[in-house]
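**Q** Show me the folded form of this:
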Amino acid sequence: VALFDTGAGLRFTVALDRGGDIVDASFNQFALAYLSPNGLRPPSPAHHTGIEWLRGWAGGLVTTCGPEHVGGPREEDGVQTSLHGRYSGQPAQIEALRNPDPPAGRHDMEIGLVTRDSRFFGPVFEIRRRIRCTLGEPEIRIEDTVTNRGDTRVAHHWLYHCNLGWPLLDAGARFIYRGRAEHWIVPPPSGEDILQPLSAAAMNRLKRVPPPLPRHAGMAERGLIVDVAPERGGWCRIGLINEKLKLGLEISYPKRALPRMANWQHYGPRGCYVSGLEPFSG
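**A** Numbers count the residues shown, from 1 in each chain. Predicted coordinates for the structure are as follows:
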């Protein structure tokens, strides 16, 4: 792993053997991310089938999904896909590393990584990731470049699974985003499948975080897929505010690269109280 400390209260861990995803993260005394019961495990190709991804998933502040497919397992164009793709189960190679040096006037820190998702006859994906911070600023900047190194066109889907947990995620906290709800999803066995469209009033009710819900035990969950309205310059700003803690987390990203956003909500009663903000292309 690589450990980052911004000197401004924000600390986080980068899992180098899982594509450079961000696992635990905290601001001062408050944890920000949900961590799953699995813990941080080594990647395994056994998790690239069906929903076995769930057995290796550590949770964490940022889990990257793709690069070929995201979402649930299915058959697409004659290919059996797995839950959320293979990226988070691939090791990264460190390409660059720079620590800050305040006496020399340098306050930036950066790690550059290369991850490949490939097979003979293709597809061959190369992902270059830069994670940068600046001393004194509680901010993480992630820049990914995905390149097709094969000799044929391939599908490409990309999703940032940003998983928020207690105490940031708590009853009474509220999600912040503007836009139109394209889908309202409650997979079986909870009830409805997909209802659309969802009214603005109904969407606003779902932005307020409830206490743990007994009906969310097991694999029950709910979620929204939202066409987020960007601000000037084409950037979207979404997040979660916990007024009781006087703490908020903001995610900003370019609408052109990530045109849609999923707000996954799973308010399980025992150990699985988590919600995700997930900008994606796909």
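**Q** Need the phi and psi values for the spatially most central residue of the chain.
**A** Compute the mean C-alpha point of the chain, and by C-alpha atoms, centre = their mean the closest residue is His161, 1.8 Å away. Backbone geometry at His161, expressed as degrees, to the nearest 10, gives phi -90, psi 90.
**Q** looking at it, it is touching Gly59, isn't it?
**A** No - counting by C-beta atoms under 8 Å, His161 does not reach Gly59; the two are 9.1 Å apart. C-beta coordinates here come from the backbone N, C-alpha and C atoms, glycine included.
**Q** and the spatially closest residue to Pro212 that is not a sequence neighbour, what does it touch?
**A** With sequence-adjacent residues excluded and distances taken as C-beta to C-beta, 6 or more residues apart in numbering, Pro212 is closest to Pro269, at 4.2 Å. By C-beta atoms under 8 Å, 6 or more residues apart in numbering, Pro269 lies in contact with 212-214, 216-217.
**Q** quick one: which of the residues you listed is nearest Gly282?
**A** His216 (25.4 Å; C-beta to C-beta).
**Q** I figured the closest one hits Arg270, correct?
**A** No - His216 is beyond contact range of Arg270, at 10.2 Å (criterion: C-beta under 8 Å).
**Q** For these two, indicate the residue with more neighbours.
**A** His216 (20 against 8; other C-beta atoms under 10 Å).
**Q** would you turn the contacts of Pro269 into a markdown table with secondary structure?
**A** Below are the contacts of Pro269 laid out as a markdown table (DSSP: H, G, I helix; E, B strand; the rest coil):
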| residue | secondary structure |
| --- | --- |
| Pro212 | coil |
| Leu213 | coil |
| Pro214 | helix |
| His216 | helix |
| Ala217 | coil |
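**Q** The strand or helix carrying Ala262 - contacts with which helices or strands?
**A** Assigned by DSSP states H and E, Ala262 belongs to strand 260-267. Judged by 3 or more C-beta pairs under 8 Å, 6 or more residues apart in numbering; DSSP states H and E, the packing partners of strand 260-267 are strand 222-228, strand 273-281.
**Q** Given the first one, what are its sheet partners and their directions?
**A** Going back to what we said before, that points to strand 222-228. Using DSSP bridges, the strands paired with strand 222-228 in its sheet are strand 179-185 (antiparallel), strand 260-267 (antiparallel).
**Q** contacting residues for the closest residue to Gln80 other than its chain neighbours?
**A** Among residues not flanking Gln80 along the chain, Pro73 sits closest, at 7.3 Å (C-beta to C-beta, 6+ apart). Going by C-beta under 8 Å, 6+ apart, Pro73 touches 49-51, 80-83.
**Q** Could you do Thr63 as well?
**A** Per C-beta under 8 Å, 6+ apart, neighbours of Thr63: 21, 57, 84, 88, 160-161, 163.
**Q** Go through those residues and flag which are in helices.
**A** Per DSSP state H, helices hold no members of these.
**Q** of all the residues you listed, which two lie farthest apart?
**A** Largest pairwise distance in the contacts of Thr63, by C-beta to C-beta, is 14.3 Å, between Trp57 and Tyr160.
**Q** Compare the two and say which is more crowded by neighbours.
**A** Tyr160 (24 against 21).
**Q** Apart from its chain neighbours, what residue comes closest to the more buried one?
**A** The nearest residue in space to Tyr160 (C-beta to C-beta, 6+ apart) is Pro279, at 5.4 Å.
**Q** where along the stretch 51-200 of the chain do the strands fall?
**A** Assigned strands in the stretch 51-200 of the chain, in chain order: 63-65, 74-76, 79-81, 93-98, 108-118, 124-134, 141-148, 158-164, 174-176, 179-185, 194-195 (criterion: DSSP state E, counting those that start in this stretch).
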